[in-house]
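Q: Sharing a sequence plus its predicted fold:
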Amino acid sequence: MWMGRAESEVVKDEKFDNFGHVHIQCWMPMRKRARNDRELYQDCWMNIWKCNLANPKQWVDISFILFSFLTKNIVTINNIIMINANNVIKAKQNLNANEIVGV
């Protein structure tokens, strides 16, 4: 699982190399004393997230995005955010539906 902030709209023009992709900035959970990625991402739904400044922005195929939500405030790379409980439920439902379908 990953979280990213959209930096563009989905490229809809088939003439471009990034057709069907969106430009994102990756975010990562904040967890003290996490010794590895498994510990860092365990129960990440309830964690605070920060911009992953070490990971450059990248183009991601829109089919890899299972859920999106709008934040109430303008988010910059200096902010920290939490996923609200309603969005957690919706995201988990999407993940479960895709597991059943075999995506």
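A: Okay, I see it.
Q: Between the two ends of stretch 51-65, what distance do you get?
A: 18 Å (C-alpha to C-alpha, to the nearest Å).
Q: Buried residues, that stretch. List them.
A: For stretch 51-65, a neighbour-count test (16 or more other C-beta atoms under 10 Å) marks Cys51, Asn52, Val60 as buried. Backbone N, C-alpha and C define where each C-beta goes, glycine included.
Q: could those go into a markdown table alongside distance to Asp13 and secondary structure?
A: Compiled in a markdown table, those are given as follows (distance: C-beta to C-beta, whole Å; DSSP: H, G, I helix; E, B strand; the rest coil):
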| residue | distance to Asp13 | secondary structure |
| --- | --- | --- |
| Cys51 | 28 | strand |
| Asn52 | 29 | coil |
| Val60 | 17 | strand |
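Q: Those residues into a markdown table, with extra columns for pLDDT and distance to Asn78?
A: Formatted as a markdown table, those follow (pLDDT from 0 to 100; distance: C-beta to C-beta, whole Å):
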| residue | pLDDT | distance to Asn78 |
| --- | --- | --- |
| Cys51 | 91 | 8 |
| Asn52 | 90 | 13 |
| Val60 | 93 | 23 |
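Q: now, among these, which is nearest to Gly4?
A: Closest to Gly4 out of the buried residues of stretch 51-65 is Val60 (6.8 Å), distances taken as C-beta to C-beta.
Q: Determine the number of other residues adjacent to the spatially closest residue to that closest one that is not a sequence neighbour.
A: The shortest distance from Val60 to any residue other than its chain neighbours is 5.3 Å, reached at Ile24 (C-beta to C-beta, 6 or more residues apart in numbering). Ile24 has 20 neighbouring residues, counting by other C-beta atoms under 10 Å.
Q: Repeat that for Met46.
A: 11.
Q: what helix or strand is the residue nearest to Val60 on?
A: strand 21-30 (DSSP states H and E).
Q: How about residues contacting that strand?
A: Outside strand 21-30, the residues that touch it by C-beta atoms under 8 Å, 6 or more residues apart in numbering are 2-11, 40-41, 44, 47-52, 55, 57-62, 65, 77, 80-81.
Q: still on that earlier bit, switch the buried residues of stretch 51-65 over to TSV; also include distance to Gly20.
A: Below are these laid out as TSV (distance: C-beta to C-beta, whole Å):
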residue	distance to Gly20
Cys51	25
Asn52	23
Val60	10
